[in-house]
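Undergrad: heads up, no residue letters with this:
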């Protein structure tokens, strides 16, 4: 009888361990499905070099990072011109005004940087940190930041002249 109970105990213990193990493997496989991927699109429009990187899980867009490099010539300034502080401040104010949604929104950021030859803008929006109002104003009417389609966003960028960057 003791032997029989020992075998039953071992089987029950093995069953519990196996059940717990399969549950954790199910969670692991769910996490694998949640793997974040990125895709980058680039464009050269009017002399400006533009790059947009989309972080996504499936068709669900999670984050957008954009880098834009505007050579001074593309801004209507002479090539090789040295910008004084007043001109830099004026350009920064124009950028801040044009992209105010990135500067003042939760989950979004805007940085400006001047090089000897260009103005560089870096903009980012994390759709899972941003509030609905910010996303709506930045992405043209989208009401739920967690339901933005990568496919539709890419189609809009491609319509503006962006091409997928080959790795």
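TA: Sure thing, it's come through. This one's a predicted model, so the numbers in the text were calculated from it and none came from an experiment.

Undergrad: When you work out contacts or count neighbours from here on, use the C-alpha atoms and nothing else.
TA: Fine.

Undergrad: Now do the same for the lengthiest strand in the chain: mean pLDDT, whole number.
TA: Using DSSP state E to assign secondary structure, the strand with the most residues in the chain is strand 60-71. Mean pLDDT, strand 60-71: 93.

Undergrad: Which residues does that strand contact?
TA: For strand 60-71, the external contacting residues (C-alpha atoms under 8 Å, 6 or more residues apart in numbering) are 47-56, 117-128, 146-150.

Undergrad: Could you turn the buried ones of those residues into a ChimeraX selection?
TA: Buried members of those, defined by 16 or more other C-alpha atoms under 10 Å, are picked up in ChimeraX with:
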select :48,50,51,52,53,54,55,56,117,118,119,120,121,122,123,124,125,126,127,128,146,148,149,150
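
Undergrad: Just the contacts of strand 60-71: which are in strands?
TA: If you go by DSSP E, those have 48-56, 118-126 in strands.

Undergrad: Phi and psi next, for residue 105.
TA: phi -110, psi 150 (degrees, to the nearest 10).

Undergrad: now do residue 162
TA: As for residue 162, its main-chain torsions (degrees, to the nearest 10) stand at phi -80, psi 150.

Undergrad: For it, give me its contacts.
TA: Applying C-alpha under 8 Å, 6+ apart, the residues contacting residue 162 are 41-44.

Undergrad: Among those, name the buried ones.
TA: Buried subset of those (neighbour count, 16+ other C-alpha under 10 Å): 41-43.

Undergrad: Inside strands: which ones of those residues?
TA: Counted as lying in strands by DSSP E, out of the buried ones among the contacts of residue 162, are 41-43.

Undergrad: Give me the residue ranges of this protein where confidence is low.
TA: Scanning the chain for pLDDT under 70 picks out 1-33, 134-143.

Undergrad: Who does the residue nearest to residue 64 when sequence neighbours are not counted form a beta bridge with?
TA: Closest residue to residue 64 apart from its sequence neighbours, by C-alpha to C-alpha, 6 or more residues apart in numbering: residue 54 at 4.7 Å. Beta-bridge partners for residue 54, by DSSP bridges, are residue 39, residue 64.
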